[in-house]
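Colleague: coordinates for the following, if possible.
(one chain, ligands or ions: 1)
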Amino acid sequence: MSENIVNSKKNAGNYAADLVIDGNIVGLGTGSTVLYTMERLSYRIKEEGLMIKGVPTSYQTAVRARNLGIPLTTLDDFPKIDIAIDGADEVDSDFNLIKGRGAAQTRERCVAAAAKQFIVVVDESKLTKKLSAVVPVEVIPFALAVLCDKVKSLGGNAIVREGVKKDGPVITDNGQIEVDCDFGEIDNPESLETELNNIPGVLSCGIFTEFKEKTVVIAGNATGIEIL
Ligand SMILES: O=C[C@H](O)[C@H](O)[C@H](O)COP(=O)(O)O
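Modeller: Numbers count the residues shown, from 1 in each chain. You can find the predicted model right below:
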């Protein structure tokens, strides 16, 4: 990762952490940008006495939060939360998102849905006019072929994500399979999201279109941020 991208992620992540106030229940997204948010929250907890609890969206985020001294809670205890901060793989000009590079989009969707405010932290290279990144989809193995068939009928191409230091498919934090679906440029993200999420056996696809009204996008660059 170039130094520019690292600084851009850091600037976005840090800015988002400073939006958090005492008493907040904070959805903690997954990925490299939110890690900067979590590091800054950890600093604020230790240095400023900030009192918060985090709801992690993945096993990795839970482990990182524990190591950083961020107290954790769950959606069982707080079905409604104050603010969720999360990264994205692509953000279009209408605030439609593609998420799930880390295969965490199902829990990320649950946490974003539970939050009053959804803060998306990205480096500015993630901004695009039209979504065209690969769309991750989490599916139960029983429905894998049905999903692949449906993706084909929608003009896409589905590839089961393979592990890096494991042979065979990536098994998600929910014990399911992650499938990367390439549709090229996506003309209608809302309808594609609905089509994919309605396939029986799909837990969640990575297209997020329904949180626009509560979304603030913080796009980091090498020297600062832009709020969209
Ligand atoms: O499953 C992973 C998530 O959707 C991430 O939030 C997304 O991939 C962005 O990650 P990063 O901040 O590392 O680019």
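Colleague: packing partners of the strand ranked longest in the chain?
Modeller: Among the elements of type strand in the chain, defined by DSSP state E, the one spanning the most residues is strand 115-123. Helices and strands touching strand 115-123, as assessed by 3 or more CB pairs under 8 Å, 6 or more residues apart in numbering; DSSP states H and E, comprise helix 3-17, helix 32-48, strand 81-86, strand 215-220. Every residue, glycine included, has its C-beta placed from N, CA and C.
Colleague: hey, C-alpha coordinates of the helix or strand that the first one is followed by in PDB?
Modeller: Taking DSSP states H and E as the definition, the helix or strand that follows helix 3-17 towards the C-terminus is strand 25-28. Listed next in PDB are the C-alpha coordinates belonging to strand 25-28 (Å, rounded to 0.1, in the frame of the first residue of the first chain):
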ATOM      1  CA  ILE A  25     -22.400   2.600  21.600                       C
ATOM      2  CA  VAL A  26     -20.200   2.400  18.500                       C
ATOM      3  CA  GLY A  27     -20.500  -0.100  15.600                       C
ATOM      4  CA  LEU A  28     -16.900  -1.100  14.800                       C
END
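Colleague: pairing partners for strand 25-28, with directions?
Modeller: strand 53-56 (parallel), strand 81-86 (parallel) (DSSP bridges).
Colleague: quick check, the last one touching the ligand?
Modeller: Yes - when contact is scored as CB under 6 Å from any ligand atom, part of strand 81-86 falls within range of the ligand: D86.
Colleague: and the contacts of that strand?
Modeller: In this structure, residues lying in contact with strand 81-86 by CB atoms under 8 Å, 6 or more residues apart in numbering are 16-17, 19-20, 23-31, 34, 37, 55, 57, 75, 99, 108, 111-112, 114-121.
Colleague: what's the answer for stretch 216-228, then?
Modeller: Residues external to stretch 216-228 that are found in contact with it (CB under 8 Å, 6+ apart): 4, 7-13, 15-16, 33, 91, 95, 117-124, 126-127.
Colleague: look up how far V26 lies from the spatially closest residue to A103 that is not a sequence neighbour.
Modeller: Of all residues not flanking A103 in the chain, E178 sits nearest, at 4.4 Å (CB to CB, 6 or more residues apart in numbering). Summarising the geometry, the distance separating E178 from V26, computed by CB to CB, to the nearest Å, is 26 Å.
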